[in-house]
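# quick one: sequence and predicted model below, then my questions.
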Amino acid sequence: REEFVNLINTNSEQLLRLINDILDLSKIESNTMEFVFASCSLRTLMNEILAEQNINLYSEKMQVTAVLPEDDLCIVTDASRLKQVLGNLLNNSRKFTKEGYINLGYTLLEKEEKVELFVEDTGEGIASEYLEHIFERFYKVNSFKQGTGLGLSICLTIVEHLRGTISVNSEMGRGTRFAVRLPLALDE
């Protein structure tokens, strides 16, 4: 019974993610996705994401940890949408990391007046020939893994609406690092 309950829960969560991705894609295409900008503590945001992720930790061989500077940093952004992006990046890392670590964190880029948020892992990595396509809709590097190939496309669109950029560095067998650069404040 416990196995069936776990299977039902897993499939229900997957279906909910799929429905949410399709709804977000629809909002993006119709330009009705709402963004609410306000001051946001990155330390608080990261700790909330970390708490949510550690509840669903699948393996004792893998740790999800926050790598945060001593000083908190507040930026003007849509915290809910930023949380969606980072949560999606973490979920992707979890799919491809069986052991090792996944780090979530941020660093201040003072000269650029930006912050770089990152998700890095010791997972399978992504072959260089796939890197230029991973932000395209419905693109999947591994068709045997769960997902629709919409998540990174949605992340890209959200980050662009937050007036930022998203990039990826990866090496096969060594892991992947996604970086989101956002301005500290919004220019009017």
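Okay, I see it. Numbers count the residues shown, from 1 in each chain.
# which stretches of this structure form helices?
2-29, 42-55, 79-96, 128-131, 151-161 (DSSP state H).
# among the ones you listed, which is nearest residue 171?
helix 128-131 (8.5 Å; CB to CB). Any C-beta I mention is one placed from the backbone N, CA and C, and that applies to glycine too.
# which neighbouring elements make contact with the closest one?
Helix 128-131 sits against strand 165-171, with contacts defined as 3 or more CB pairs under 8 Å, 6 or more residues apart in numbering; DSSP states H and E.
# for the strand it packs on, what is the average pLDDT?
For strand 165-171, the mean per-residue pLDDT is 95.
# before we move on, back to that, would you turn the helices of the chain into JSON lines with mean pLDDT and mean neighbour count?
As requested, these are arranged in JSON lines below (pLDDT from 0 to 100; neighbours: other CB atoms under 10 Å):
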{"stretch": "helix 2-29", "mean pLDDT": "80", "mean neighbour count": "12"}
{"stretch": "helix 42-55", "mean pLDDT": "85", "mean neighbour count": "16"}
{"stretch": "helix 79-96", "mean pLDDT": "91", "mean neighbour count": "20"}
{"stretch": "helix 128-131", "mean pLDDT": "85", "mean neighbour count": "12"}
{"stretch": "helix 151-161", "mean pLDDT": "91", "mean neighbour count": "20"}
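# as TSV, these with distance to residue 67 would be great.
Shown next, in TSV, are the helices of the chain (distance: least, CB to CB, whole Å):
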stretch	distance to residue 67
helix 2-29	26
helix 42-55	9
helix 79-96	13
helix 128-131	23
helix 151-161	20
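# so for residue 36, which of the ones you listed sits nearest?
Closest among the helices of the chain, using CB to CB: helix 79-96, at 7.3 Å.
# CA atoms of the closest one as PDB?
Output in PDB follows, covering the C-alpha atoms of helix 79-96 (Å, rounded to 0.1, in the frame of the first residue of the first chain):
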ATOM      1  CA  ALA A  79      10.000  37.000  -5.100                       C
ATOM      2  CA  SER A  80       7.300  34.500  -6.100                       C
ATOM      3  CA  ARG A  81       8.500  34.300  -9.700                       C
ATOM      4  CA  LEU A  82      12.200  34.200  -8.700                       C
ATOM      5  CA  LYS A  83      11.400  31.400  -6.300                       C
ATOM      6  CA  GLN A  84       9.700  29.600  -9.200                       C
ATOM      7  CA  VAL A  85      12.800  29.900 -11.300                       C
ATOM      8  CA  LEU A  86      15.200  28.700  -8.600                       C
ATOM      9  CA  GLY A  87      12.900  25.900  -7.600                       C
ATOM     10  CA  ASN A  88      12.700  24.700 -11.200                       C
ATOM     11  CA  LEU A  89      16.500  24.800 -11.500                       C
ATOM     12  CA  LEU A  90      16.900  22.800  -8.300                       C
ATOM     13  CA  ASN A  91      14.300  20.300  -9.400                       C
ATOM     14  CA  ASN A  92      16.300  19.800 -12.700                       C
ATOM     15  CA  SER A  93      19.500  19.400 -10.700                       C
ATOM     16  CA  ARG A  94      17.900  16.700  -8.600                       C
ATOM     17  CA  LYS A  95      16.800  14.800 -11.700                       C
ATOM     18  CA  PHE A  96      20.400  14.500 -12.800                       C
END
